[in-house]
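J.: Sequence unavailable; structure follows:
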């Protein structure tokens, strides 16, 4: 048995153990509904963050409007379920997939013109798009009353339980892992490292920029669809500029170019925010934002390359067959921009 | 026609305040290539200190502006020293995240009860509003005060950047840190000064904003900050005339949209115009596209 196969088996065992532990804890009453919600939310955020990790962490496309795509997915899937709910698995799956595809389609339409921009300018353009989406969602009830507009949207059937979310997280992780280690992923990484050199080496940079962007935004839409079926109240502020910043923070703190980092940081970040509420108690709850900000500043000052610094562990690491060069490129780059 | 001219005047008032914030963004970006996300919050603190100055400490309003400028300049230098300087030669994104952290810190810290508290505060203006009627267009003394102050600030800044030794050093550092150092420029000091000047300008903007739109709260800096930064990008980031041009356009677009289309779509239209301009001129209206270096 090669080391690689061993790792995959170990990862699979870990996944099963995690699932069983969560289920057992919930059954035994150790995991109350509140923390179950936090856990579910952290997994949903993970899916969205994985998307941004592909876009920014691996391809280097600076996007500060990621939450907008989560919101588009959430509202699209939510509207479908709210309007044409038939009950059953298929109805749910159709809504989720439609939400993801809708976010993907819009990211394609906006990405076509906007991805020509570079670094900070691309960031500002995506930030602008995020604000446009927020305003559109705020006023959406004028076109389709069911969307609720600035008062928020309710009435989406709450059918996305932990099991479903868990399945979709696994799906997202496997998709991202395989994407990163495919020809596509290596083309994307080469764009991040040096776009001119990538172009000179025959990489169709325009195409791969768009591929990475649409893929990442589709995952954001998927996260949104799950969110809509897990949390009964959708509001445009859930998907505004500050939410986009949260995704950016997760990806950067995890370490650019590290799926391991994104996964761990996404879950850790959501639990940190809720944990602070718990630790501080009623009396010092006002200090939550201050402590959150200090943790953020200190972490980035201490670990400027992110917590995982572009390194991958376990099943995320590239396989032996891909050879040392690809492995070095994916695991050890120091020049993050 | 008269109501249109009236909107132009109102847009000018907003645009000039944006210009003061945009200048700080553009100067800092020009020199350290950093989107200083905390700048909007420096603007907020400027507004609060100015308001406390003329409403609670009994200072005359010009003195309140000066006090606010001094506090914010000091704050700007401190932020740079604590949060950005250790990351100066780190990947750019690290400093950006640090800036976001500082921004959150200022917002939440100022929301604490012993600071300014989380709620809106109504600003009592230091003087009564006087409205003059010029051929159907009304101009307030606040608008005149904003115009005079901003023009004064711009002239001083223009003099500083183009006619003084410090200004020459700042322009040198914006080209290349290492070369500037070889020419005997104290790069750290120049960067500190840039933050001080930018923050002082934001403080002026904050006080003027508080007088013109008399409602302030700790999160008030986010949207004006974003818009001012957008304005700087629109005009061509790193360029002082670009920041002014972008801010004036932004002010007009916002006011016109609110007046003639819909006030709820204001932000969406402002940012749509930004995206369209960037697509046509990727470096902003006045910016020059630099060839990609290999």
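T.: Cool, the structure landed. What you are looking at is a predicted structure, and each value in this text was computed from that prediction instead of being measured.
J.: What residues does the residue in the stretch 1-150 of chain B positioned nearest to chain A make contact with?
T.: In the stretch 1-150 of chain B, the residue that lies nearest chain A is residue B:108 (2.9 Å; Cβ to the nearest Cβ). Any C-beta I mention is one placed from the backbone N, CA and C, and that applies to glycine too. Contacts for residue B:108 were tallied using Cβ atoms under 8 Å, 6 or more residues apart in numbering or on different chains; they are A:288-290, A:292-293, B:218.
J.: if you set the cut-off to 10 Å instead, what comes out?
T.: By Cβ atoms under 10 Å, 6 or more residues apart in numbering or on different chains, residue B:108 lies in contact with A:286-294, B:115, B:118, B:218-219.
J.: now swap in residue A:75 and tell me
T.: Counted by Cβ under 10 Å, 6+ apart, residue A:75 has contacts A:82, A:99, A:102-103, A:133, A:136-137, A:140, A:144, A:146-148, A:153, A:156, A:224-225, A:228, A:234, A:236, A:239.
J.: Repeat the analysis, applying 8 Å as the threshold.
T.: Residue A:75 makes contact with A:99, A:137, A:140, A:147, A:153, A:224, A:228, A:234 under the criterion Cβ under 8 Å, 6+ apart.
J.: Just these: which are in strands?
T.: The strands, defined by DSSP state E, take in nothing from the contacts of residue A:75.
J.: which of these are buried?
T.: A:99, A:137, A:140, A:147, A:153, A:224, A:228, A:234 (16 or more other Cβ atoms under 10 Å in any protein chain shown).
J.: Test my guess that the fourth one contacts residue A:138.
T.: No. In this structure, residue A:147 sits apart from residue A:138 without contact. The criterion is Cβ atoms under 8 Å, and the distance is 9.9 Å.
J.: could you pull out the helices for the chain?
T.: With no chain named, the answer covers chain A. A:3-28, A:33-52, A:66-84, A:88-114, A:119-138, A:162-180, A:183-193, A:195-200, A:205-228, A:241-254, A:259-280, A:288-302, A:323-331 (DSSP state H).
J.: Not quite, go with chain B.
T.: Using DSSP H, helices in chain B cover B:2-32, B:39-51, B:61-79, B:92-111, B:141-163, B:165-175, B:177-182, B:187-212, B:222-235, B:240-256, B:266-280.
J.: for chain A, what are the nearby residues on the stretch 51-200 of chain B?
T.: Proximity of the stretch 51-200 of chain B to chain A (Cβ under 8 Å from any Cβ of the partner chain) is limited to residues B:83, B:86-87, B:90-94, B:97-98, B:100-105, B:107-109, B:111-113, B:118.
J.: hmm, 7 Å instead?
T.: B:83, B:86-87, B:90-94, B:97-98, B:100-102, B:104-105, B:108-109, B:111-113 (Cβ under 7 Å from any Cβ of the partner chain).
J.: among those, which ones are buried?
T.: B:83, B:86-87, B:90-94, B:97-98, B:100-102, B:104-105, B:108-109, B:111.
J.: could you measure residue B:253 against residue B:206, distance?
T.: Here the criterion is Cβ to Cβ, to the nearest Å. By it, residue B:253 lies 22 Å from residue B:206.
J.: Name the residue in these two with the higher neighbour count.
T.: Legend: neighbour count by other Cβ atoms under 10 Å in any protein chain shown for residue B:253 and residue B:206, higher for residue B:206 (34 against 23).
J.: doesn't residue B:51 make contact with the more buried one?
T.: No. Using Cβ atoms under 7 Å, residue B:206 is not in contact with residue B:51; the gap is 8.8 Å.
J.: which residues of chain B score low on pLDDT?
T.: B:1, B:289-294 (pLDDT under 70).
J.: In stretch B:108-126, which residues are buried?
T.: For stretch B:108-126, burial by neighbour count (16+ other Cβ under 10 Å) applies to B:108-111, B:116, B:118, B:121, B:123, B:126.
J.: Could you tell me which residues make contact with the spatially closest residue to residue B:273 that is not a sequence neighbour?
T.: The shortest distance from residue B:273 to any non-neighbouring residue, by Cβ to Cβ, 6 or more residues apart in numbering or on different chains, is to residue B:253 (5.8 Å). By Cβ atoms under 7 Å, 6 or more residues apart in numbering or on different chains, the contact set of residue B:253 is B:269-270, B:273.
J.: For these, please prepare TSV with the additional fields neighbour count.
T.: Below are the contacts of residue B:253 laid out as TSV (neighbours: other Cβ atoms under 10 Å in any protein chain shown):
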residue	neighbour count
B:269	18
B:270	25
B:273	17
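J.: And those residues, which is closest to residue B:61?
T.: Checking the contacts of residue B:253 against residue B:61 by Cβ to Cβ gives residue B:270 as the nearest, at 29.9 Å.
J.: I'd like to know how far that closest one sits from chain A.
T.: Distance of residue B:270 to chain A, given as Cβ to the nearest Cβ, to the nearest Å: 8 Å.
J.: Quick one: name the residues of the stretch 201-337 of chain A near chain B.
T.: Residues of the stretch 201-337 of chain A lying near chain B (Cβ under 7 Å from any Cβ): A:245, A:249, A:252, A:286, A:289-290, A:292-294, A:296-297, A:300-301, A:304, A:336-337.
J.: Report the buried members of those.
T.: Buried, going by 16+ other Cβ under 10 Å: A:245, A:249, A:252, A:286, A:289-290, A:292-294, A:296-297, A:300-301, A:304, A:336, out of these.
J.: quick one: residue A:131 from residue A:239, how far?
T.: Taking Cβ to Cβ, one finds residue A:131 at 11 Å from residue A:239.
J.: ok, the two, which is more surrounded?
T.: residue A:239 (28 against 25).
J.: Next up, the contacts around that one.
T.: A:67-68, A:70-71, A:74, A:134.
J.: what's the most distant pair in those?
T.: So, the contacts of residue A:239 by Cβ to Cβ: farthest apart are A:74 and A:134, at 12.7 Å.
J.: any idea which of the buried residues of stretch B:108-126 is closest to residue A:265?
T.: Among these, and counting by Cβ to Cβ, the member closest to residue A:265 is residue B:108, at 20.9 Å.
J.: Disregarding residues adjacent in the polypeptide, which is nearest to the closest one?
T.: Here the residue nearest residue B:108, using Cβ to Cβ, 6+ apart, is residue A:289, at 2.9 Å.
J.: coming back round to it: looking at residue A:74 and residue A:134, which one has more neighbours?
T.: residue A:74 (31 against 25).
J.: Which residue is the nearest non-sequential neighbour of the more buried one?
T.: residue A:224 (3.4 Å).
J.: Tell me who's in contact with that neighbour.
T.: With Cβ under 7 Å, 6+ apart, residue A:224 has these contacts: A:70-74, A:77, A:99, A:103.
J.: residue in chain A nearest to chain B?
T.: residue A:289 (2.9 Å).
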